[in-house]
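Chemist: Sequence plus the predicted model coming up.
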Amino acid sequence: MIVGAGPTGVLLAIELARRGVEVRILDRQRSRPQVTRAIGIHARTLEVFHQLGIVEQFLERGHQATGMAVHTRARRSTHVDFGGLDSPYPFVLMLGQDQTQEILDRKPEELGVSIERGVEVVKVDQGIAGVQLAIRHPGDDDCQTPSAGWAVGCDGAHSIVRRYLGVPFDGDDYGQDWLMTEVNIEWPLAPTAAPPGSCAAATCCSPATPPTSTARELYGQADAAIARDAIREAFRTVATVKPLVTDLVTAA
C-alpha cells in the first residue's frame, strides 16, 4: 500500500508492479497537480526513465539545459557546463512537475495499477501480520480498513504514515518566502543555458517548454502579490541583459 501519488509514490508503484508485486497507490488529492512546481530532471533520473522505457516521452516535451550561468550584481560571474557529465544525458531537462506527473501516471495503468485519487488515509495500524489502514473515499463518512504487508509513506513532509510511526521530520523551514511565476520573456541569452542570478533577493529563471517558446519560469524572493513591473525590476537588478517581460502567465 503506497500512500501518496506524487512522482516518488508513482515511481515506486511502477517498480513494484514491474516485479510482479501487487500494489495499491492512494492519494487524497482528487486530481494530479496542474501547476509547474519543480522543473529540473537530472541525468541519473533520466537514466532510470530509460530503464522504464519512458525517457523519450520526457525528452520530447522537455528543454535540454546544457549549462548554467550565474549573474551577480548585473555581471556574469560563473558558468557551469553540464557537458562533462558521465551520462547519456549530459544536461538538466527542464520540464514542469505537472507534465512529469502526467507521463509517470500512464505507466502504472499499463502495468494494471490504478491510482486511487481522492482517497484519504486517516489512520495506520501496525500489526503482527502487516499493516491495516483506515481510508475514506470522497463523500463517504465511513472508513474502509484494507490490510497490506507493507505501507509506504510517500506523502511528503506531513506524512500520516510517518506520524503514526512516530518518525520525526528533522530540519527547519527556509526563512524566506518564494514566489514562483511563469512569464513570457524576450532576451538574447542562449535557450540552452539556464541563467539564474543572485543578489540580496535571489532571482532564478529557467527555460520552459516547448523549446521554441519564449516562456521562462521565474523564481523570486518576493511577496506573493508581486506585479509584472516588480518582476521586471528583479531581472534588471541581477541580469547582464535587459529582458522584456511581456506577460505574466501564472503566479504561486
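Modeler: Looks like it came in fine. Numbers count the residues shown, from 1 in each chain.
Chemist: can you map out the helices along this structure?
Modeler: 7-18, 43-52, 55-61, 97-110, 160-165, 228-238 (DSSP state H).
Chemist: Please identify the deepest-packed of those helices.
Modeler: helix 7-18 (a mean of 19; mean count of other CB atoms under 10 Å). Glycine gets a C-beta too; all of them are placed from N, C-alpha and C.
Chemist: who touches it?
Modeler: Under the contact criterion CB atoms under 8 Å, 6 or more residues apart in numbering, helix 7-18 has outside partners 2-3, 5, 23, 25, 27, 48, 52, 97, 100-101, 104-105, 107-108, 111-113, 115, 152, 154-155.
Chemist: picking that back up, now the helices of the chain in JSON lines, please, with extra columns for distance to residue 122 and mean pLDDT.
Modeler: As requested, the helices of the chain are exported to JSON lines (distance: least, CB to CB, whole Å; pLDDT from 0 to 100):
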{"stretch": "helix 7-18", "distance to residue 122": "18", "mean pLDDT": "95"}
{"stretch": "helix 43-52", "distance to residue 122": "32", "mean pLDDT": "96"}
{"stretch": "helix 55-61", "distance to residue 122": "35", "mean pLDDT": "95"}
{"stretch": "helix 97-110", "distance to residue 122": "24", "mean pLDDT": "92"}
{"stretch": "helix 160-165", "distance to residue 122": "7", "mean pLDDT": "90"}
{"stretch": "helix 228-238", "distance to residue 122": "41", "mean pLDDT": "63"}
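Chemist: which stretches of this structure aren't confidently modelled?
Modeler: For the chain, the stretches flagged by pLDDT under 70 are 71-77, 177-252.
Chemist: That one - how does it break down into domains?
Modeler: 2-38+96-165, 179-251 (automatic domain parsing).
Chemist: Can you check the distance spanned by the first one, start to finish?
Modeler: Distance between the boundary residues of domain 2-38+96-165 (CA to CA, to the nearest Å) amounts to 15 Å.
Chemist: what does stretch 129-143 give?
Modeler: 21 Å.
Chemist: Can you give the contact residues for that stretch?
Modeler: Stretch 129-143 is contacted from outside by 1, 3, 26, 30, 118-125, 144-151, using CB under 8 Å, 6+ apart.
Chemist: Now for residue 169: which residues touch it?
Modeler: Neighbouring residues of residue 169 by CB under 8 Å, 6+ apart: 157, 158, 159, 162.
Chemist: what separates it from residue 153, distance-wise?
Modeler: For residue 169, the distance to residue 153 (CB to CB, to the nearest Å) stands at 11 Å.
Chemist: where do the contact lists of the two overlap?
Modeler: 159, 162.
Chemist: Residue 87 is in contact with residue 43, isn't it?
Modeler: Yes - in terms of CB atoms under 8 Å, residue 87 counts as a neighbour of residue 43; the distance is 3.8 Å.
Chemist: ok now do residue 32, which residues does it touch?
Modeler: By CB under 8 Å, 6+ apart, residue 32 lies in contact with 5, 98, 101, 102, 105, 117.
Chemist: Next, count neighbours for residue 119.
Modeler: Using other CB atoms under 10 Å, residue 119 has 22 other residues around it.
Chemist: List phi and psi for it.
Modeler: phi -110, psi 120 (degrees, to the nearest 10).
Chemist: partner residues bridging the residue lying closest to residue 152 once chain neighbours are set aside?
Modeler: Distances taken as CB to CB, 6 or more residues apart in numbering place residue 2 nearest to residue 152, at 5.0 Å, with adjacent residues excluded. Residue 2 forms beta bridges with residue 25, residue 152, as assigned by DSSP bridges.
Chemist: how much space is there between residue 2 and residue 174?
Modeler: 28 Å.
Chemist: do residue 98 as well
Modeler: For residue 98, the distance to residue 174 - CB to CB - is 23 Å.
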